[in-house]
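Q: compute the structure for the input listed below.
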Amino acid sequence: MKISVDRSQLLAPLQVAHAVVERRQTLPILANVLITANEHGFRLSATDLEVELSVPGCLEECTVSGSTTIPARKLLDLCRALPDGARLTIEISGNRANVRAGRSRFSLSTLPAAEFPGIDVKGDELGLELPQRELRRAIEATYFAMAQQDVRYYLNGMLVDVQNGHCRLVATDGHRMAVTELPVASADAARRVIVPRKTVIEALRLLADDDTPARLGLGVDHVTLSAAEVVFKSKVIDGSFPDYERVIPRNQDKVLDVDRVSLRDSLGRVAIFANEKYRSVRLQLEPKLLRLSANNTENEEAEEELEVDYHGAPLEIGFNVSYLIDVLNALKSDAVRLHLSDAGASCLMTEPSGGSSRYVVMPMRL
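A: Numbers count the residues shown, from 1 in each chain. Model prediction:
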């Protein structure tokens with residue numbers, strides 16, 4: 001293989017592909033990026049055996065087509081260190097990659113492309129086409145509720161549940177839950193997969209905030225995301241996700257509307273004085289009034305009052321303040337609606353107009 005490429009044309013796709021490469025690898029080749037080149041351009045691929053990312057790029061010249069694997073970090077650092085406008089010539093000779101840029105010469109070790117592991121997929125795939133902006137915003141509205149390193153491994157990811165013409169994204173860590181719904185064209189299709197946390201975070205990084213289409217493919221043991229010629233493939237988590245429909249509270253008799261930003265800012269100030277371990281905040285609800293309070297082991301305390309649209313009976317309930325703030329940051333509406341029943345029941349948070357997202361937060365003992 002022998003190619004010539006502008007520094008910027010190699011750096012951009014290399015930065016995208018390198019995000020998949022783990023610093024600590026069990027196999028030496030997993031630290032490498034696969035480069036495949038022909039007269040039409042090149043493609044970079046990286047994998048950690050759980051996820052695989054493939055990114056296209058443009059060449060100035062391809063003298064000899066071929067493929068090889070090169071250490072990803074060293075190639076990325078080299079491209080970053082070269083000046084703007086530099087032209088790289090990469091030639092493979094034996095197990096070395098000889099790189100030339102102006103008067104500079106570099107030699108990197110390579111490993112055979114045939115040894116590069118790919119993610120094998122099985123079974124059929126349900127394909128959904130969505131605008132990148134819609135899919136990105138749905139993930140943003142949900143992903144923060146995923147668990148991190150939970151022994152219940154099926155919580156360390158996001159459920160994608162397609163049924164009845166809708167695609168629901170669901171995330172929970174056992175203390176809170178986020179559900180967002182998107183309409184899809186495949187009205188009769190049905191598929192449920194749990195997408196790993198790393199895959200969800202990487203998808204957020206890849207999706208653009210525009211209306212260009214993205215294809216989401218849901219297989220039995222894998223998921224693929226294709227956007228702007230970038231192809232992202234991942235294994236799915238093999239497990240049974242909790243019945244999220246049963247967790248969503250219904251028929252709650254205490255409903256209040258409050259300005260979202262005012263509530264978020266007040267909670268942020270009160271949180272300064274909350275117990276660092278439990279992060280608990282007390283909500284005292286009266287007609288047209290919401291009182292927020294917190295204290296800590298140093299006998300410090302905070303209290304704020306907000307005017308709210310509420311006409312029900314008084315109620316006192318506690319929550320983890322960080323969970324409430326996360327929901328208020330995820331919502332984009334001017335106001336937020338809280339659905340409550342008693343001090344021992346979960347709170348349902350929605351937009352007053354309904355919206356496409358629902359959030360459930362479990363209470364804390366005061």
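Q: quickly find the element holding E298.
A: In this structure, E298 is located outside every helix and strand according to DSSP states H and E.
Q: got a list of what L218 touches?
A: With contact taken as CB atoms under 8 Å, 6 or more residues apart in numbering, L218 is in contact with 125-128, 160, 162, 191, 193. Bear in mind the C-beta positions are built from the backbone N, C-alpha and C, glycine included.
Q: V360 now?
A: Neighbouring residues of V360 by CB under 8 Å, 6+ apart: 176-177, 179, 247-249, 346-349.
Q: narrow those residues to just the buried residues.
A: By neighbour count, with 16 or more other CB atoms under 10 Å, the contacts of V360 hold 176-177, 179, 247, 346-349 as buried.
Q: where's the dip in pLDDT among the residues you listed?
A: Per-residue confidence over these reaches its minimum at V247, where pLDDT is 94.
Q: correct me if wrong: that residue contacts R176.
A: No. Contact status for V247 versus R176: not in contact, 9.9 Å apart, counting by CB atoms under 8 Å.
Q: give me phi/psi at A271?
A: A271 has phi and psi values of phi -60, psi -20 when expressed as degrees, to the nearest 10.
Q: isn't it up against S322?
A: Yes. Because the distance of 7.3 Å satisfies CB under 8 Å, A271 is recorded as touching S322.
Q: residue contacts, the nearest residue to V64 once chain neighbours are set aside?
A: The spatial neighbour of V64 that comes closest, neighbours along the chain excluded (CB to CB, 6 or more residues apart in numbering), is K2 at 4.2 Å. Residues counted as contacts of K2 (CB under 8 Å, 6+ apart) are 62-64, 89-92.
Q: for K2, give its distance to A72.
A: Remark: distance between K2 and A72 (CB to CB, to the nearest Å) = 20 Å.
Q: one step back: can you check the pLDDT for the residue nearest to V64?
A: On pLDDT, K2 comes in at 95.
Q: how near is it to I35?
A: Counting by CB to CB, the separation of K2 from I35 is 12 Å.
Q: list residues touching both of those two?
A: Overlap of the contact sets of K2 and I35 (by CB under 8 Å, 6+ apart) consists of I90.
Q: got the contact list for F116?
A: Contact analysis of F116 by CB under 8 Å, 6+ apart lists 29, 32, 34, 45, 47, 69.
Q: quick one: V16 and L82, what's the gap?
A: As judged by CB to CB, V16 and L82 stand 18 Å apart.
Q: that older thread, okay, the contacts of L218 in JSON lines with secondary structure next?
A: Conversion of the contacts of L218 to JSON lines gives the following (DSSP: H, G, I helix; E, B strand; the rest coil):
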{"residue": "E125", "secondary structure": "strand"}
{"residue": "L126", "secondary structure": "strand"}
{"residue": "G127", "secondary structure": "strand"}
{"residue": "L128", "secondary structure": "strand"}
{"residue": "V160", "secondary structure": "strand"}
{"residue": "V162", "secondary structure": "strand"}
{"residue": "R191", "secondary structure": "strand"}
{"residue": "V193", "secondary structure": "strand"}
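Q: and V255, bridged to which residues?
A: Beta-bridge pairing for V255 (DSSP bridges): H339.
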